[in-house]
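Undergrad: this is a predicted model, with the sequence first.
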Amino acid sequence: MTALNSSPLNHILNMKTAKEVWDLLRVHYQGNDDLHQHYLLECLFTIAFCNLDPMELQIADIVSITCQLTDIGFPITDQLLASVIRVKLPES
């Protein structure tokens, strides 16, 4: 879990509603959809699976990333998802 740092604090103090605060925090920490899309794609293709962690949890993380991409208008096909998972699987 990421703690709130002090950089957006001055902007938050000027907000009138909780929605304004959450919108500001989303843009501050996630960027706009294009930036968020770039970050998620980078994660999707660069995260490596590890033998020490349960595969189910690692696969769930990859599926979660693809769901987030779909939510912001960049759908990942099942075929691409399966290929990404297959490439990440350790040889063991």
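TA: Looks like it came in fine.

Undergrad: who's in contact with Phe74?
TA: Listed by Cβ atoms under 8 Å, 6 or more residues apart in numbering, the contact set of Phe74 reads 37, 40-41. All C-beta spots, glycine's among them, are computed from the backbone N, C-alpha and C.

Undergrad: could you do Val21 as well?
TA: Val21 neighbours (Cβ under 8 Å, 6+ apart): 12, 15.

Undergrad: now swap in Phe49 and tell me
TA: For Phe49, the contacting residues are 55, 58, 88-90, by Cβ under 8 Å, 6+ apart.

Undergrad: nearest to Lys16, of the residues you listed?
TA: Lys16 lies nearest to Gln58 out of the contacts of Phe49, by Cβ to Cβ, at 42.1 Å.

Undergrad: count of neighbours near that closest one?
TA: Residues contacting Gln58 under the criterion other Cβ atoms under 10 Å number 18.

Undergrad: which helix or which strand is home to it?
TA: Per DSSP states H and E: Gln58 is located in helix 55-71.

Undergrad: quick one: least confident of the contacts of Phe74?
TA: Ranked by pLDDT, the contacts of Phe74 bottom out at Gln37, which scores 87.

Undergrad: how would you label the closest residue to that one other than its chain neighbours: helix, strand or coil?
TA: Counting by Cβ to Cβ, 6 or more residues apart in numbering, the nearest residue to Gln37 once its immediate chain neighbours are dropped is Phe74, at 5.2 Å. On the three-state scheme (DSSP: H, G, I helix; E, B strand; the rest coil), Phe74 is labelled coil.

Undergrad: chain center to stretch 45-56, what's the gap?
TA: For stretch 45-56, the separation from the chain centroid amounts to 16 Å (computed by Cα atoms, centre = their mean, to the nearest Å).

Undergrad: point out where this protein drops to low pLDDT.
TA: For the chain, the stretches with pLDDT under 70 are 1-11, 27-32.

Undergrad: so which residues of it form helices?
TA: For the chain, the helices defined by DSSP state H occupy 9-13, 18-30, 33-46, 55-71, 78-88.
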